[in-house]
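*Asks:* Predicted coordinates and the sequence they were generated for:
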Amino acid sequence: MRAIVFEQFGGPEVLQVQQVDEPHAGPGQLRIAVKAAAVNPLDFKIRNGWFEAFMPTTFPAVPGSEVAGVVDEVGAGVTEFAVGDEVVGWAQGGSYADYAIAGLVVKKPADVSWEQAVALPIAGETAARVLRELGVKEGETLLLHGAAGGVGSVAIQLAVALGVTVIGTASEANHDFVRSLGAIPILYGEGLVDRVKAVAPQGVDAVFDSAGQGALPDSIELRGGTDRVITIADMGAADLGVTFSMESSSPEVTTAGLIEQLQLAADGKLTLTVAKTFGLEDARTAQEISETGHIRGKLVLLP
Ligand SMILES: NC(=O)c1ccc[n+]([C@@H]2O[C@H](COP(=O)([O-])OP(=O)(O)OC[C@H]3O[C@@H](n4cnc5c(N)ncnc54)[C@H](OP(=O)(O)O)[C@@H]3O)[C@@H](O)[C@H]2O)c1
């Protein structure tokens, strides 16, 4: 089968299209014929070797943690899924390939396309987890950094559905998009504190930083402390006393959340935005674009 493989850390050029042996479903496992694989910032961070302390890489490595596709092999002992099921979720051992071994997956509603479905697992789990950890509730105001990204675009909608007023930071080019999802868009960068105060004279009850681009000091000032300020991307969080959320929810919570969010998407109540799709052979370009850090929604490979 075709797979994107890297055998050393480095820039996008280390990604190669290779013919490799197909994986097979062992006991308790599913093999998926991949229809869509999402490109996440995590993928270029791993490729650059930045995540070795948390997630050591074994070479040769295939990138990709999210997958949507059709079950085409079922290992011994699997009863919940059958060959032909359309599923979406996490992959083990990489998803930038023609076939992948499933991690945690659920059945995909027919009304959600492959590329939309694959945009959801990480963004949905992360957004729901952080909103839960922040404890935001109806009537409160949330400042969300990185509102136009994969995580941010889902977080806006989940928070608005809770009755929360969301102020979302984004570049000017993404303001209409952020507004269309239900948030009040504002520019990031110098003068942020004044801009937030202008649109939220009532103050900010919580801050969700999904950008990791240095807005934590302003966020602490706006909140009046580090309480209810959470980042998923700013590696300087600990020095500022801010919580870095990283641990995924339990498998039960994750599965239930993904099923619920897929249904919201199928019902037209959750918009999943795909910025651009690529063929498998263009994975390098997709990661280059991901690394620019200005994605609206999700980048997706369609092998
Ligand atoms: N800890 C965890 O559990 C966890 C889970 C998932 C993701 N993450 C991390 O969270 C981050 C976001 O992930 P993602 O998938 O949403 O990324 P993404 O889709 O690449 O989106 C990044 C977004 O950040 C915005 N942005 C860039 N500079 C900004 C700034 N200075 N202030 C505010 N927004 C800015 C961009 O919007 P503009 O184009 O408008 O600038 C873009 O929409 C990544 O670092 C990822 O690795 C962590």
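*Replies:* Good, I have the coordinates.
*Asks:* Same question for stretch 182-194: list its buried residues.
*Replies:* Gly182, Ala183, Ile184, Pro185, Ile186, Tyr188, Leu192 (16 or more other Cβ atoms under 10 Å). Where C-beta positions appear, they are placed from N, C-alpha and C, glycine not excepted.
*Asks:* burial count for whatever residue of the chain ends up closest to the ligand?
*Replies:* Using Cβ to the nearest ligand atom, the single residue of the chain nearest to the ligand is Gly149, 2.3 Å away. Neighbourhood size, Gly149 [other Cβ atoms under 10 Å]: 26.
*Asks:* Distance check, it against Pro251.
*Replies:* Distance, Gly149 to Pro251, by Cβ to Cβ, to the nearest Å: 25 Å.
*Asks:* circling back: restrict the buried residues of stretch 182-194 to those near the ligand?
*Replies:* The subset of the buried residues of stretch 182-194 within reach of the ligand, by Cβ under 6 Å from any ligand atom, is Tyr188.
*Asks:* Double-check the residue of the chain closest to the ligand against Ile295; I have them as touching.
*Replies:* Yes: taking Cβ atoms under 8 Å as the definition, Gly149 is a contact partner of Ile295 at 5.9 Å.
*Asks:* hmm, stretch 284-296 touching the ligand?
*Replies:* Yes: applying Cβ under 6 Å from any ligand atom, one finds stretch 284-296 in contact with the ligand at Ser290, Gly293, His294, Ile295, Arg296.
*Asks:* Distance to Val207 and neighbour count for those residues - can I get that in a markdown table?
*Replies:* Below are those laid out as a markdown table (distance: Cβ to Cβ, whole Å; neighbours: other Cβ atoms under 10 Å):
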| residue | distance to Val207 | neighbour count |
| --- | --- | --- |
| Ser290 | 24 | 23 |
| Gly293 | 19 | 14 |
| His294 | 21 | 13 |
| Ile295 | 21 | 23 |
| Arg296 | 22 | 20 |
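*Asks:* Flag whichever of those residues scores worst on pLDDT.
*Replies:* Scanning those for pLDDT, the smallest score is found at Ile295, 91.
*Asks:* Name the nearest residue to it, sequence neighbours excluded.
*Replies:* Ala275 (5.1 Å; Cβ to Cβ, 6 or more residues apart in numbering).
*Asks:* before we move on, the earlier item: switch the residues of stretch 284-296 next to the ligand over to CSV; also include distance to Gly89.
*Replies:* What follows is these, written out as CSV (distance: Cβ to Cβ, whole Å):
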residue, distance to Gly89
Ser290, 20
Gly293, 26
His294, 27
Ile295, 21
Arg296, 23
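*Asks:* and of these, the nearest to Ala233?
*Replies:* Gly293 (9.8 Å; Cβ to Cβ).
*Asks:* and that closest one, what is it in contact with?
*Replies:* Pro41, Gln213 (Cβ atoms under 8 Å, 6 or more residues apart in numbering).
*Asks:* For Gly28, what are phi and psi?
*Replies:* phi 80, psi 0 (degrees, to the nearest 10).
*Asks:* now the longest helix along the chain: how far from the chain's centre is it?
*Replies:* Ranked by residue count under DSSP state H, the longest helix found in the chain is helix 251-266. Distance of helix 251-266 from its chain centroid, counting by Cα atoms, centre = their mean, to the nearest Å, is 14 Å.
*Asks:* Over to stretch 98-108?
*Replies:* Distance, stretch centre to chain centre, for stretch 98-108: 16 Å (Cα atoms, centre = their mean).
*Asks:* Of all the residues in it, which ones are buried?
*Replies:* Quick answer for stretch 98-108 (16+ other Cβ under 10 Å): Asp98, Tyr99, Ala100, Ile101, Ala102, Gly103, Val105, Val106, Lys108.
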